[in-house]
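Novice: here is my input; please provide its structure:
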Amino acid sequence: MKIAVDLRPLQNSYANRGIGRYTRELWSRLVKRTEMVALSFQNQPLPLAGIDKVIPIPLTKRPWLWDQSRLPLLLRQEKVELFHATVAMGPLDSISYPLAFARKTVATLHDWHMFHSEAPPIQRFYRSTTRIRLQRWSLPYLSGILVHSQVVAEETSARLGKRCPAIRVTPLAGEHLGQIALDPELSKLHPLGKPYVLTVGDSANKNLAFARQVIEALREHHPEIHWIACGMREAILEQTGFSENTVPNWLVIQSQLDDSQLALLYRNAEALLFPSTEEGYGLPVAEALACRCPVFASDIPSHREILAEYPSLVLDPIIWVKKLSDLLEKKDEKQKWIVAAEHRTQHLSWDHCAELTWEFFLSRLGS
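Specialist: Residues are numbered from 1 along each chain as shown. Alright, predicted model coming up:
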């Protein structure tokens, strides 16, 4: 079998985040199963071994137009049997997929956020662009669609109706951080030397304004608690309502972390706060569980899928502060959370995600 895969998410700002992490973990497991042709930005290295051939994609002013015009011809010349578009729709301007090749394409649809009525202005702008409109129009013509949660599968089915292609749910995992063996000396280094709660992500749906409200209320009773926020500094300041001149000394913003640094933050945190208003999946929740970090996540469908019997919380700051206070004040409370996290992590693995994906590829080729 010969499969072409879009690996450009491994070469941009998303390389170690959701889309890039998914692409890396999935194809590091599938690369040996097939003859693989990779799409890659020209003159940029690929952090993945075992690729049979690389098709270099030039960085042009409107690279997605190149995808539509030249890429279908190249895929046919290479006699590719199936193309995996790792991003079906999203804010990555430089990535599209060839519509002319759609009937031999399986695309991963991460979420529908930009099409929701409450989407922020930048996402409403993206959905109005020609590239996104073409991708949205082409979805019914795909061989199949991969999603990461049942809630996205149901929304996809509802939006596309009778024209919806086959869908497969492939849950993600956090073991890439949970299994990291940290250097003993690094493990001794507490990131702050003080107790802290952690947030991961900087987009509008992460609801960092709510996290700020909870942490400020928590600090009234536990002034020793600090906040480490992982993400792009400008975006975090915008979402939290702070400015460079008003950032309190109990807020530390961390950007561009590698896996070891992020794993260290999870393992030393009192808890991960993840009060998202919506998620296609919520990878930081799975990562925190794998690192035995207590998770305080909002009660939304995708989180309930990940957490199962592990509790999620309605967006009421009084409830969050009460639960966090119990965690900090009762010695056995944190251990209860950790045991629950360990139990849930056993059901989430990248190997399982890869196996489900491979079975779906075979079924689409068979159809």
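
Novice: got the buried residues for stretch 358-365?
Specialist: The neighbour-count check on stretch 358-365 (16 or more other C-beta atoms under 10 Å) flags 358, 360, 361, 364 as buried. Glycine gets a C-beta too; all of them are placed from N, C-alpha and C.

Novice: list the contacts of it.
Specialist: Residues outside stretch 358-365 that contact it (C-beta atoms under 8 Å, 6 or more residues apart in numbering): 1, 3, 30, 33, 81-82, 84, 106, 143-144, 146, 166, 168, 170.

Novice: let's see which of those end up in strands.
Specialist: Counting by DSSP state E, the members of the contacts of stretch 358-365 that fall within strands are 3, 82, 84, 106, 144, 146, 166, 168.

Novice: in helices only, show me the buried residues of stretch 358-365.
Specialist: Taking DSSP state H, the ones among those that sit in helices are 358, 360, 361, 364.

Novice: closest one to residue 325 out of these, please.
Specialist: Residue 325 lies nearest to residue 360 out of those, by C-beta to C-beta, at 44.8 Å.

Novice: look at that closest one and report its pLDDT.
Specialist: Note for residue 360: predicted pLDDT of 97.

Novice: pipe the ones in helices among the buried residues of stretch 358-365 into JSON lines and attach distance to residue 10 per row.
Specialist: Shown next, in JSON lines, are those (distance: C-beta to C-beta, whole Å):
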{"residue": "358", "distance to residue 10": "19"}
{"residue": "360", "distance to residue 10": "21"}
{"residue": "361", "distance to residue 10": "19"}
{"residue": "364", "distance to residue 10": "23"}
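
Novice: surely residue 4 meets residue 84?
Specialist: Yes - using C-beta atoms under 8 Å, residue 4 is in contact with residue 84, at 7.1 Å.

Novice: what's the closest of the ones in helices among the buried residues of stretch 358-365 to residue 42?
Specialist: Each of these was scored against residue 42 by C-beta to C-beta, and residue 361 proved nearest at 27.0 Å.

Novice: how much space separates that closest one from residue 183?
Specialist: 38 Å (C-beta to C-beta, to the nearest Å).

Novice: what comes up buried for stretch 62-73?
Specialist: Using 16+ other C-beta under 10 Å as the test for burial, stretch 62-73 gives 63, 64, 66, 67, 68, 71, 72.

Novice: distance across that stretch, terminal residue to terminal residue?
Specialist: End-to-end distance for stretch 62-73, by C-alpha to C-alpha, to the nearest Å: 18 Å.

Novice: what mean pLDDT does that stretch have?
Specialist: 83.

Novice: next secondary structure element downstream of the lowest-mean-pLDDT helix or strand in the chain?
Specialist: Least confident helix or strand of the chain, by mean pLDDT, DSSP states H and E, is helix 184-188 with a mean of 62. Using DSSP states H and E, the helix or strand that directly follows helix 184-188 along the chain is strand 196-200.

Novice: roughly how far is that following strand from the heart of the chain?
Specialist: 17 Å (C-alpha atoms, centre = their mean, to the nearest Å).

Novice: list the buried residues for whatever helix or strand comes next after it?
Specialist: For strand 196-200, the following helix or strand on the C-terminal side (DSSP H and E) is helix 208-219. Neighbour-count burial for helix 208-219, counted by 16+ other C-beta under 10 Å, picks out 208, 210, 211, 212, 213, 214, 215, 217, 218, 219.
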